[in-house]
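S.K.: pasting the sequence and the predicted coordinates here, then a few questions.
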Amino acid sequence: MTTLAKKKCRPCRGGGEPLKGETLVRYSGQVDRAWTVVDEHHLTREFTFDGFRQALAFVNKVGELAETENHHPDIHLSYGKVRIDLWTHKIGGLHENDFVLAAKIDAL
C-alpha cells in the first residue's frame, strides 16, 4: 500500500489552486502508471473485467470507497470495462485528494 493510500481525503473548501508542474508530476509518480493525467486537469484510468457483473462489482466497491472518503469520481461502466475520472470540482483541477482516492482504488 502506498503512502497516499494510507491518507484520508480532506475537505476541499475551494479557492485553492489545482496541482501543476513538478508537484503534479510528483503525485503522479505515487499512483499506478495506468492512471493518466489529462491536460493537467483530471486523472483517468480504465479497468477491464471478464464481464458486466465483475465490472459492476468493482463500481460498487469504488462507490463505497468514495462515500467513505467523501470524494466522488466520475464512473463510466460498460460491458467488461470501467473508466474512472478524478478531479476536484471546487478548484477545477487536480488536488491531493484525487491522488489519494486513485491510490485507494488501486488497492481494491
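M.R.: Okay, I see it.
S.K.: where in this structure is pLDDT low?
M.R.: By pLDDT under 70, the weakly predicted segments of the chain are 1.
S.K.: would you tell me which helix is longest in it?
M.R.: Taking DSSP state H as the criterion, the chain has its longest helix at helix 52-69.
S.K.: show me what that helix is packed against.
M.R.: Applying 3 or more C-beta pairs under 8 Å, 6 or more residues apart in numbering; DSSP states H and E, one finds that helix 52-69 contacts strand 74-78, strand 81-86, helix 96-106. C-betas here are computed from N, CA, C, even on glycine.
S.K.: quick one: which of the ones you listed is nearest residue 3?
M.R.: Residue 3 lies closest, by C-beta to C-beta, to one member of the helices and strands packed on helix 52-69: helix 96-106, at 8.2 Å.
S.K.: contacting residues around the closest one?
M.R.: For helix 96-106, the surrounding residues in contact (C-beta atoms under 8 Å, 6 or more residues apart in numbering) are 1-2, 4-5, 7-10, 12, 19, 27-28, 30-32, 35, 42-43, 45, 62, 65-66, 69, 71, 73, 84, 86-88.
S.K.: are any of the residues you listed buried, and if so which?
M.R.: Neighbour-count burial (16 or more other C-beta atoms under 10 Å) applied to the contacts of helix 96-106 gives 2, 4-5, 7, 9, 12, 19, 27-28, 31, 35, 42-43, 45, 62, 65-66, 69, 71, 73, 84, 86-88.
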